[in-house]
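Enquirer: A structural model of the following input is requested.
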Amino acid sequence: MAKPLPAQAAETKWRDLREWLARVDSLGELKRVTGANSEEDIGAITEMLDHTEGSPCVLFDEIPNFKPGYRVLVNTMGSTKRQAVTLGLDPAKASHEQLLRFWRERLKGFTPIPPVVVKRGPVQENILRDGDVDLTQFPAPIWHPGDGGRYIGTASFNIMRDPDTGSINVGTYRNQVFDKNGIGIRAAPPHHGGIIKEKYMQRGQPCPLITVVGTDPLLFLAACAEGPIFGQSELDWAGGVRGEPIEVIQGEITGLPIPAQAEIALEGFITTDQFTKEGPYGEWMGYYQDGYQKERVVRIDRIYHRDDPIILGCPQGKPPHEDNRFLVYLRSGMIWDQLEKAGVPGVCGVWCPPEGGNRLMTVVALQTQYLGHAKQAGLIASQCGGGIDMNRLTVVVDDHVDVTSIQDVVWAIVARCDPERGVEIIKDTKGSRIDMAIAPDKRELNANSRMIIDATTPFTWKHHPLAGDIISTPERTKKIHEKWGWILK
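Expert: Prediction:
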């Protein structure tokens, strides 16, 4: 068994997105595409990349109707190698096991490192103020055919300050371009950004906001992560993961922190009295889940950007998409940790398949030790903090099953689960109004049901001569691939 990674933060070898790109380019993980249009091509190519495991990241340039050098980058962390680069790990050893082990160690505890304020940074190479602000100069794509407009923010993060505590929050919320100086932000409670926004609205005050639409992948990952508790800044969290503070400048009009190495940052205020139609937008379950919504307009007073800026894109859509491929390790690690803290012994693996959007399905591998062990693990995995949100299916399998392989999991279900004995249905659990499986008139209840499948060998007869022995052990399969895997390449 591999030794666990040390608890200190990884050592990253790059300072910004451009150094990160140079690193992944040297590994053969970057493709460059010129001439793809922003109305259809970029979104279609991104969809193709999302649905192909191990696909490269792609940098689009010379986008028709936009200035050459104004670029879009997609699928940054869609492969294990690029995730390893992002975390400062050895990409030659990149694997599901390496990344899951890394995040399990991080989630057990590390020291957040607050950002450090610097006087200047590359993001200030160009500053557009007031009447010179023009968001339409950037090639924000129409990501899906039915989208209501161009979305400059899909891998963006939005920075706010809690007016009560002064704490900084960073969250990923989609940002549609409305006009030259107006964008949207889809943030509502219980999301932290939504809570902060509503505090300002209740005071009758505009909410100061920084929206960063191009930055290094680690900061985007931190903004997506559900590990930080409310009140803990994701910038501090990212510094702890990185092992050194994130350099920031202060916004000219809000004083909010802006990553100094960012590609593009927008500064302004969520208005109290300006509303417009936002959406529709292709959502993470692969459907348009609601149409146009009335949302507050964010008025942008400053644009900061580097020369030849890069928009980072990570649109939602039919899973798996890019964020499913990197968030799987955090969510799986959270559930594994919570199972152990709840006193469940014998857990050998946890996986939240990207094919299920990381939320809808959880698989737990278990060495069963007593009657009811599998049911205990399944019930807790489906209801713990990491697994409760919109989970629909939790599967418990024997320890010889590879939880990261949908093929293996389906085999375990059809070979080991007798529906009369092995299926439990739980009602009235935490759901969402965007859940397509819930009747439209019941979605506002934010509740669903979920299924627990026991696909383990029944404990009462696991040692019976007819219980069945597996034909090929995981150890044998690994040796076969190590010796003969070159045939498949």
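
Enquirer: Quick check: buried residues in the helix ranked longest in the chain?
Expert: Ordering each helix of the chain by length in residues (DSSP state H) puts helix 322-341 first. Burial within helix 322-341, assessed by neighbour count using 16 or more other C-beta atoms under 10 Å, is assigned to 322-339. Bear in mind the C-beta positions are built from the backbone N, C-alpha and C, glycine included.

Enquirer: for the helix or strand following it, packing partners?
Expert: Proceeding N to C from helix 322-341, the next assigned helix or strand is strand 347-351, under DSSP states H and E. Counting contacts by 3 or more C-beta pairs under 8 Å, 6 or more residues apart in numbering; DSSP states H and E, strand 347-351 packs against helix 322-341, strand 361-366.

Enquirer: possible to save these as TSV with distance to Val423 and mean pLDDT?
Expert: Converted to TSV, the helices and strands packed on strand 347-351 look like this (distance: least, C-beta to C-beta, whole Å; pLDDT from 0 to 100):
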stretch	distance to Val423	mean pLDDT
helix 322-341	20	92
strand 361-366	15	97
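
Enquirer: where exactly do the strands run in the stretch 151-300 of the chain?
Expert: In the stretch 151-300 of the chain, the segments counted as strands under DSSP state E, counting those that start in this stretch are 151-153, 157-161, 168-171, 175-179, 182-183, 207-214, 247-250, 257-259, 264-278, 293-305.

Enquirer: Name every strand pairing with the first one and say which way it goes.
Expert: In its sheet, strand 151-153 lies beside strand 175-179 (antiparallel), with partners assigned from DSSP bridges.

Enquirer: Check the last one too.
Expert: The strands that strand 293-305 pairs with in its sheet are strand 126-129 (antiparallel), strand 182-183 (antiparallel), strand 264-278 (antiparallel) (by DSSP bridges).

Enquirer: which intervals of this structure have sub-threshold pLDDT?
Expert: 1-13, 227-232, 290-292 (pLDDT under 70).

Enquirer: Spatially central residue for it, please.
Expert: Centroid-nearest residue in the chain: Asp323, 3.7 Å away (criterion: C-alpha atoms, centre = their mean).

Enquirer: So that one is in contact with Cys224, correct?
Expert: Yes: using C-beta atoms under 8 Å, Asp323 makes contact with Cys224 at a distance of 6.0 Å.

Enquirer: circling back to that earlier point, save the strands paired with strand 293-305 as JSON lines, and put in mean neighbour count too.
Expert: Listed next are the strands paired with strand 293-305 as JSON lines, based on neighbours: other C-beta atoms under 10 Å:
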{"stretch": "strand 126-129", "mean neighbour count": "14"}
{"stretch": "strand 182-183", "mean neighbour count": "24"}
{"stretch": "strand 264-278", "mean neighbour count": "20"}
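
Enquirer: so which of those strands gets nearest Leu371?
Expert: With C-beta to C-beta, the closest approach to Leu371 among these belongs to strand 264-278: 52.5 Å.

Enquirer: tell me the angle of the closest one relative to strand 207-214?
Expert: Orientation check (axes from the mean of the first three to the mean of the last three C-alpha atoms, to 10 degrees): strand 264-278 against strand 207-214 gives 110 degrees.

Enquirer: what separates strand 264-278 from the chain centre, distance-wise?
Expert: Distance, stretch centre to chain centre, for strand 264-278: 24 Å (C-alpha atoms, centre = their mean, to the nearest Å).

Enquirer: need the helices for the stretch 51-200 of the chain, in chain order.
Expert: In the stretch 51-200 of the chain, the segments counted as helices under DSSP state H, counting those that start in this stretch are 80-87, 96-107, 192-203.

Enquirer: which one of these is the most hemmed in?
Expert: The highest average neighbour count among those, using mean count of other C-beta atoms under 10 Å, belongs to helix 80-87 at a mean of 24.

Enquirer: can you dump the C-alpha coordinates of that one into PDB?
Expert: Below are the C-alpha coordinates for helix 80-87, written out as PDB (Å, rounded to 0.1, in the frame of the first residue of the first chain):
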ATOM      1  CA  THR A  80      -5.300  13.700 -13.600                       C
ATOM      2  CA  LYS A  81      -1.900  14.900 -15.000                       C
ATOM      3  CA  ARG A  82      -3.000  18.500 -15.100                       C
ATOM      4  CA  GLN A  83      -4.600  18.200 -11.600                       C
ATOM      5  CA  ALA A  84      -1.200  16.900 -10.400                       C
ATOM      6  CA  VAL A  85       0.500  19.900 -11.900                       C
ATOM      7  CA  THR A  86      -2.000  22.200 -10.200                       C
ATOM      8  CA  LEU A  87      -1.400  20.700  -6.800                       C
END
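
Enquirer: how close does the residue nearest to the centre of the chain get to Gly317?
Expert: Computed as C-beta to C-beta, to the nearest Å, the Asp323 to Gly317 distance reads 11 Å.

Enquirer: Same check on Gly268?
Expert: Distance, Gly268 to Gly317, by C-beta to C-beta: 28 Å.

Enquirer: With Thr165 instead?
Expert: Applying C-beta to C-beta to Thr165 and Gly317 gives a distance of 36 Å.

Enquirer: More neighbours: these two, which one.
Expert: Comparing Thr165 with Gly317 by neighbour count (other C-beta atoms under 10 Å), the higher total belongs to Gly317, at 21 against 12.

Enquirer: you'd agree Asp399 is up against Gln367?
Expert: Yes: using C-beta under 8 Å, Asp399 is in contact with Gln367, at 4.8 Å.

Enquirer: which residues do those two both contact?
Expert: Common neighbours of Asp399 and Gln367 (criterion: C-beta atoms under 8 Å, 6 or more residues apart in numbering): 346, 348.

Enquirer: Could you export the helices of the stretch 51-200 of the chain as TSV, including distance to Ala439?
Expert: Formatted as TSV, the helices of the stretch 51-200 of the chain follow (distance: least, C-beta to C-beta, whole Å):
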stretch	distance to Ala439
helix 80-87	38
helix 96-107	36
helix 192-203	25
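
Enquirer: quick one: which of those is nearest Ile470?
Expert: Minimum separation from Ile470 across those (C-beta to C-beta) falls at helix 96-107, 20.1 Å.

Enquirer: Against which helices or strands is that closest one packed?
Expert: For helix 96-107, the packing partners by 3+ C-beta pairs under 8 Å, 6+ apart come out as helix 80-87, helix 322-341.

Enquirer: can you do 10 Å?
Expert: Counting contacts by 3 or more C-beta pairs under 10 Å, 6 or more residues apart in numbering; DSSP states H and E, helix 96-107 packs against helix 80-87, helix 234-242, helix 322-341, strand 347-351.

Enquirer: In contact with Asp454, which residues?
Expert: 366, 368, 372-375, 377-378, 394-397, 413, 416-418, 421-424 (C-beta atoms under 10 Å, 6 or more residues apart in numbering).

Enquirer: Repeat that for Gly35.
Expert: Applying C-beta under 10 Å, 6+ apart, we find Gly35 in contact with 41, 60-64.

Enquirer: Sweet, I'm off.
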